[in-house]
Structure formats: C-alpha cells, structure tokens
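[1] kindly generate the corresponding structure for this input.
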Amino acid sequence: MPRPSEEPCEPSGDHESGDLRVEVLDRGPVRIVTLAGELDHDTADGLRAALARPSVPGVERIVVDLADLRFCDSTGLNILLRARLDAEAAGHLLELAGPNAVVARIFAITGADTVLRIHPDVATAIGAPGPGSTGPAPSGPAPSGPA
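    Take a look at the predicted model:
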C-alpha cells in the first residue's frame with residue numbers, strides 16, 4: 001500500500017513468502033519493490049520472483065524499499081547484489097531506500113554499501129539523479145575520520 005506521502009501507483013503484483021511480504025509497483029520510469037518482514041534463506045523466493053519479473057516498457061530504475069524490512073541475512077544481501085548486476089546488464093539502475101539501522105549495518109559490515117546506491121527513503125531515491133548525471137550522488141553512511 002502506498003505511504004500517505006506518495007502518489008498512488010499501479011500495482012503490478014504482490015507476493016508473500018513466510019515472514020516476507022513483497023509488493024511491486026510501477027510508477028512511470030521507476031519500479032518500486034517494497035519489502036516488509038524478514039529476508040532470509042527461507043523467505044528469499046518472493047524477492048527473487050519480484051526482481052526477475054520482466055520490466056514494462058519505460059522502466060529505467062528499480063528502487064527496493066527496505067523501510068519495513070526488519071532483518072536481512074547473507075541470502076538477501078546476495079540477491080540484492082546479484083539484482084544490481086542483472087539490472088545494470090539490462091540497462092537499468094537498482095537502488096535501495098530506507099534501510100533501518102540493523103539492515104544498514106549488514107551493508108556496512110560487508111562493504112555492500114560501497115557498491116549499492118542507498119538512499120534514506122523512497123522519495124529521495126526517486127528524485128536522485130542517476131549515475132553519470134550532474135548533481136549530488138546518493139551516499140551510504142557518512143564517512144568517518146578526517147577528510
């Protein structure tokens with residue numbers, strides 16, 4: 001279901017697997033894949049299926065909304081990293097939005113935050129320029145130490 005601050009979207013499919021709910025919405029050039037619950041070995045098929053769906057004409061970016069994702073293990077991390085490569089091979093951009101502190105820490109510990117584009121929320125991700133365009137790029141966690 002769209003959040004109150006978002007415009008309504010056309011749903012293109014939902015999937016529920018164990019303790020993970022996956023919703024796919026296409027909004028113009030952006031496909032939003034929303035995850036809620038826990039992403040692990042036992043629930044990963046829902047995300048795999050959503051990310052493997054054929055793109056509709058005009059979709060250029062995939063934003064994975066992690067705001068309601070409570071947990072992500074190495075299986076989920078690997079699916080997201082693979083999906084980024086698959087998206088790039090298809091000429092699309094895969095971005096993540098709104099990970100909570102637990103999920104963001106997994107990305108930081110593994111270094112995945114250096115290869116995945118991570119935004120604070122879906123609205124920021126949708127408004128962010130793509131790579132190669134001028135303007136500020138999204139960033140992972142704030143750099144630490146002196147500049």
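
[2] from what I see, residue 65 and residue 30 are in contact.
    No - with contact defined as CB atoms under 8 Å, residue 65 does not count as touching residue 30 (10.9 Å). In short, each C-beta sits where N, CA and C put it, glycine included.

[3] remind me, longest helix of the chain?
    Longest helix of the chain, by residue count under DSSP state H: helix 74-89.

[4] which helix or strand lies directly C-terminal to that one?
    Once helix 74-89 ends, the next helix or strand along the chain (criterion: DSSP states H and E) is strand 93-97.

[5] taking helix 74-89 as reference, get the angle to that following strand.
    140 degrees (axes from the mean of the first three to the mean of the last three CA atoms, to 10 degrees).

[6] extract the CA atoms of the biggest strand by length in the chain and return them as CSV.
    Secondary structure of the chain read by DSSP state E shows that its longest strand is strand 61-72. Extracted in CSV, the C-alpha atoms of strand 61-72 (Å, rounded to 0.1, in the frame of the first residue of the first chain):
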residue,chain,number,x,y,z
ARG,A,61,15.2,2.2,-12.4
ILE,A,62,14.3,-0.3,-9.7
VAL,A,63,14.0,1.0,-6.2
VAL,A,64,13.9,-1.6,-3.4
ASP,A,65,12.1,0.0,-0.4
LEU,A,66,13.6,-1.5,2.7
ALA,A,67,11.8,0.7,5.3
ASP,A,68,9.7,-2.1,6.6
LEU,A,69,12.4,-4.8,6.4
ARG,A,70,13.3,-5.9,9.9
PHE,A,71,16.1,-8.3,9.0
CYS,A,72,18.3,-9.4,6.1
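
[7] quickly run through the sheet partners of that strand, with directions.
    As defined by DSSP bridges, the strand partners of strand 61-72 come to strand 30-39 (parallel), strand 93-97 (parallel).

[8] which residues sit against it?
    Contacts to strand 61-72, defined as CB atoms under 8 Å, 6 or more residues apart in numbering, come from residues 29-40, 51, 80, 83, 87, 92-100, 102-103, 106, 119, 121-122, 125-126, 130.

[9] switch the cut-off to 7 Å
    With contact meaning CB atoms under 7 Å, 6 or more residues apart in numbering, strand 61-72 is reached by 29-40, 80, 87, 92-99, 102-103, 106, 121-122, 125-126.
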